[in-house]
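Colleague: sequence and predicted structure below; questions after.
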Amino acid sequence: MTLRSAVTLPDSPTTVVPDGTATGTALAVSGALFAAAPVAVLVADEDPVAVGPAASAAVALGAPVLVAGAGVADELGRLGTTDVVVVGADPDARAALAADLPDGLRTYGVDAAEPALADLGLAVGEPQEVAADGLVAAVADLVRPEPALLVGRGARAGDAASDADASEKSAGASPSATPSATPSTAARPSAGVPTALPTPGGRGTSRGGAADTAPTA
């Protein structure tokens, strides 16, 4: 059984997302572009290297990228999310993020420093190191079905533009490379419904677990 996200087609040709906190911007993009998402990608705002692999995972899955903070639990509920890919460089931080999620969610941990996304069954390309100032452009170049595996070097995870662009790309939109200091504008997404991951019945850990167990095929 394949999980699928449902993409919202906005009435307007463009969707303007006001600039703000990384968490708020990610929530706004998810709310604008996704009607449902059984799988979501979660990062911590303070994680310095997570946004690159999180973006690759989101595009491969057709899933939104969310930044930990107020409102995330409500958004996961609205989306009907059952599985969350938690990306972070520190295993304790990944476990803490998983522990803060609502009960009943399956979590899958990804080490941002050595992101083995293929272990989750994701089709990704070769690792591509990206500097902080090239991250937005690199995310804009990600394409399914096999996006490059972005590995950030000095990138600031939670950067509003990068996280928004990752969700826009995964929804089939054309992300703008707008800096986080200005509003982010997403082009109208295509009608195609992106495919998401993990197969139900996988070995992901439930809320509060180590969040480091890959699902089985």
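Modeller: That came through fine. Residues are numbered from 1 along each chain as shown.

Colleague: so how far is residue 82 from residue 44?
Modeller: Separation of residue 44 from residue 82 (C-beta to C-beta, to the nearest Å) stands at 21 Å. From N, CA and C alone the C-beta is placed, and that goes for glycine too.

Colleague: let me fix that, I meant to ask about residue 39.
Modeller: According to C-beta to C-beta, residue 39 and residue 82 sit 8 Å apart.

Colleague: neighbour-wise, which of the two wins?
Modeller: residue 39 (25 against 17; other C-beta atoms under 10 Å).

Colleague: so where's this structure uncertain?
Modeller: Scanning the chain for pLDDT under 70 picks out the ranges 1-19, 46, 48, 153-217.

Colleague: now with 50?
Modeller: Across the chain, the ranges flagged by pLDDT under 50 are 1-2, 155-158, 174-217.

Colleague: in it, mark out all the helices, start to finish.
Modeller: 22-33, 51-61, 72-79, 91-99, 135-140, 160-170 (DSSP state H).

Colleague: so who does residue 81 touch?
Modeller: Shown in contact with residue 81 (C-beta atoms under 8 Å, 6 or more residues apart in numbering): 37, 38, 39, 40, 105.

Colleague: so which of those wins on neighbours?
Modeller: Highest count within the contacts of residue 81 by other C-beta under 10 Å belongs to residue 37, 33 neighbours.

Colleague: thought that one was touching residue 80?
Modeller: Yes: here residue 37 reaches residue 80: they are 7.4 Å apart, a contact under C-beta atoms under 8 Å.

Colleague: can you tell me how far the closest residue in space to residue 143 that isn't next to it in sequence is from residue 138?
Modeller: Leaving out its chain neighbours, the residue that sits closest to residue 143 by C-beta to C-beta, 6 or more residues apart in numbering is residue 59, at 7.4 Å. Distance of residue 59 to residue 138, given as C-beta to C-beta: 11 Å.

Colleague: neighbour count for the two, which is higher?
Modeller: residue 59 (31 against 22).

Colleague: ends of stretch 93-112, what's the gap?
Modeller: 11 Å (C-alpha to C-alpha, to the nearest Å).

Colleague: which positions in it come out as buried?
Modeller: By neighbour count on 16 or more other C-beta atoms under 10 Å, the buried set for stretch 93-112 is 93-98, 101, 105-112.

Colleague: for those, which one is nearest residue 23?
Modeller: Nearest to residue 23 out of the buried residues of stretch 93-112 is residue 97 (C-beta to C-beta; 12.4 Å).

Colleague: mind checking how far the closest one is from residue 85?
Modeller: From residue 97 to residue 85 the distance is 11 Å (C-beta to C-beta).

Colleague: could you do residue 50 as well?
Modeller: Noted for residue 50: a distance of 11 Å to residue 85, by C-beta to C-beta.

Colleague: looking at those two, which is more packed in?
Modeller: Neighbours per residue (other C-beta under 10 Å) separate residue 50 from residue 85, with residue 50 holding more: 34 against 31.

Colleague: got any residues that touch both of residue 97 and residue 85?
Modeller: Taking C-beta under 8 Å, 6+ apart as the contact criterion, the common neighbours of residue 97 and residue 85 are residue 42.

Colleague: this completes my enquiry, with thanks.
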